[in-house]
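Chemist: Turn this into a model:
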Amino acid sequence: MFKKIFSKQKKESLDKGLEKSKNSFFSKLSKAVAGKSKVDDDVLDELEEVLITSDVGVDTTLKIIERIEKRVARDKYLGTGELNKILREEIAALLTENEAQNPTENFDIQKTKPYVIMVVGVNGVGKTTTIGKLAYKFTAEGKKVMLGAADTFRAAAIDQLQIWADRANIPIIKQKMGSDPASVVFDTLQSAKAHDIDVVLIDTAGRLHNKINLMNELSKIKKVMQKIIPDAPHEVLLVLDGSTGQNAFEQAKQFTKATEVTSLAVTKLDGTAKGGVVIGISDQFQIPVKYIGVGEKIEDLQEFDKIEFVDSFFKE
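Modeler: So this is what the prediction gives:
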C-alpha cells in the first residue's frame, strides 16, 4: 500500500490541533524525568503514570512500557534526553504492527454505487458535523452525495443536517420529527438509486441509555437498507468525542456491542489535552480509526495517518 502524501497544510493543521495534548504531555514528562539522566525503573514507573494520565489507556500504556523496557535491556544505557525519540518510535511501531494485522484503507467508495455509510454515536460527539464535513469532502472529489436524516428524535439534528446539506449544496431526505428512522432510510436509499447518487450518509439517533432499544433500532435500519441495497451499509462509522478521554473508550465498547462498527472517527481533538486517547483507541479496538477532527474548519476533518499523528504528538 502506498503511503498517502501528507500536505504541509494538513500537517500544520494537525500540529496545531494536537498542541494542547502535546503541551500537557511534555509538561508531565519533563517533571517525571527532572534531575534524572538515565532511563531506569523509576523513570519507567513515572512514564507509565504520564501515559495513563494522558488518556492513552492502561492496556496500551503497558504495551508501550514493555517495548521500552526491552529497548533499555538491549541498549544498556539510554539517557532521558532520548526518551521522547524512543516513545515516538515505539508507539509508531506498535500502531504500524496493528495496521499490518488490520489494514486501514479509507472508504472504498468506488466499490459500489450508491456506497452507504451509516453514522452512529451518542448525541453531542460531533456526529452531524462529521457527516457534513465528509459530505463536503466527497463532493469536492466530484462525487454525488445524499444525506439521510434518520435521527428523528431531535428536531435540532434534522435542522443541523439541513444546514450542512445547504452548505455543501447536496440533497437531503428527511421527515418530520418523531417519524420512523427506518422509513427515512428507506426513502433515502430509494431516492439515491433513482438519482444515480455515489455516496449516501445516514445520520442515526445516539441514545445509549437503553442499549437494547439502540440495538433493535440499528438492526431494523440495516434490514430496511438491505431490502433496497442487499450489501448495505458498506460502512458503519462510529463517531467518538476525543475530549471525553476514557469515556470515548466506554462509548466504543457499548456501540461495538450494539452493532457491527467497521470504522471510527475521533473528533474535537483541538480543544482538549486528551489527544492520547487516539493512540489507545487505535491500539485497543480491532477497528480502524479513519478520521480525526482537529479543528472547526470544514477541511479540519483529516484522514487519520498513524505515523503523522505520532510525529505531531511527540514533536518537541
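Chemist: mind listing what residue 146 touches?
Modeler: Residue 146 sits next to 114, 170-173, 188, 191-192, 195, 197, 199-201 when contact means CB atoms under 8 Å, 6 or more residues apart in numbering. C-betas here are computed from N, CA, C, even on glycine.
Chemist: ok, and the closest non-adjacent residue to it?
Modeler: Sequence neighbours aside, residue 197 is the residue nearest to residue 146 in space, at 4.5 Å (criterion: CB to CB, 6 or more residues apart in numbering).
Chemist: Contacts only, for the one you found.
Modeler: Counting by CB under 8 Å, 6+ apart, residue 197 has contacts 113, 114, 144, 145, 146, 171, 191.
Chemist: quick revisit: which of the contacts of residue 146 count as buried?
Modeler: 114, 170, 172, 173, 188, 191, 192, 197, 199, 200, 201 (16 or more other CB atoms under 10 Å).
Chemist: For stretch 138-147, output the C-alpha coordinates as CSV.
Modeler: The C-alpha trace of stretch 138-147 is given here as CSV (Å, rounded to 0.1, in the frame of the first residue of the first chain):
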residue,chain,number,x,y,z
PHE,A,138,-16.8,13.6,-1.1
THR,A,139,-18.5,16.4,-3.1
ALA,A,140,-15.1,18.1,-3.5
GLU,A,141,-13.8,14.8,-5.0
GLY,A,142,-16.6,15.1,-7.6
LYS,A,143,-19.0,12.6,-6.1
LYS,A,144,-22.7,12.9,-6.0
VAL,A,145,-23.7,12.8,-2.3
MET,A,146,-27.0,12.5,-0.5
LEU,A,147,-27.8,12.8,3.2
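Chemist: center of this protein - which residue?
Modeler: With distances taken as CA atoms, centre = their mean, residue 265 lies nearest the centre of the chain, 2.1 Å away.
Chemist: Residue 141: how many residues sit nearby?
Modeler: Neighbourhood size, residue 141 [other CB atoms under 10 Å]: 11.
Chemist: Correction: the previous question concerned residue 78.
Modeler: Neighbouring residues of residue 78 were enumerated by other CB under 10 Å; the total is 18.
Chemist: For it, grab phi and psi.
Modeler: Backbone torsions of residue 78, given as degrees, to the nearest 10, read phi -120, psi 130.
Chemist: Return the residues in contact with the closest residue to it other than its chain neighbours.
Modeler: What sits nearest to residue 78 in space, not counting adjacent residues and going by CB to CB, 6+ apart, is residue 39, at 4.2 Å. Contact analysis of residue 39 by CB under 8 Å, 6+ apart lists 68, 72, 78, 79, 80, 82, 83, 86.
Chemist: let's see 6 Å
Modeler: 72, 78, 80 (CB atoms under 6 Å, 6 or more residues apart in numbering).
Chemist: Over to residue 202?
Modeler: 118, 148, 150, 185.
Chemist: can you confirm the second one is in a helix?
Modeler: Right, residue 148. No: assigned with DSSP: H, G, I helix; E, B strand; the rest coil, residue 148 falls outside any helix and is strand.
Chemist: partner residues bridging it?
Modeler: Per DSSP bridges, the residues bridged to residue 148 are residue 173, residue 202.
Chemist: ok, how many other residues are close to it?
Modeler: 30.
Chemist: hang on, the earlier thing: for the nearest residue to the residue nearest to the centre of the chain once chain neighbours are set aside, give its distance to residue 133.
Modeler: Computed as CB to CB, 6+ apart, the closest residue to residue 265 that is not its neighbour in sequence is residue 291, at 4.0 Å. For residue 291, the distance to residue 133 (CB to CB, to the nearest Å) stands at 8 Å.
Chemist: Are there residues contacting both of those two? Which ones?
Modeler: residue 301.
Chemist: Name the SS class of the residue nearest to the centre of the chain, please.
Modeler: With three-state DSSP as the criterion, residue 265 reads strand.
Chemist: pretty sure residue 161 contacts residue 128?
Modeler: Yes: using CB atoms under 6 Å, residue 161 is in contact with residue 128, at 5.5 Å.
Chemist: overlap in contacts of these two?
Modeler: Contacts common to residue 161 and residue 128, judged by CB under 6 Å, 6+ apart, are residue 203.
Chemist: of all the contacts of residue 197, which two lie farthest apart?
Modeler: Pairwise distances among the contacts of residue 197 were taken by CB to CB; the largest, 15.7 Å, belongs to 113 and 171.
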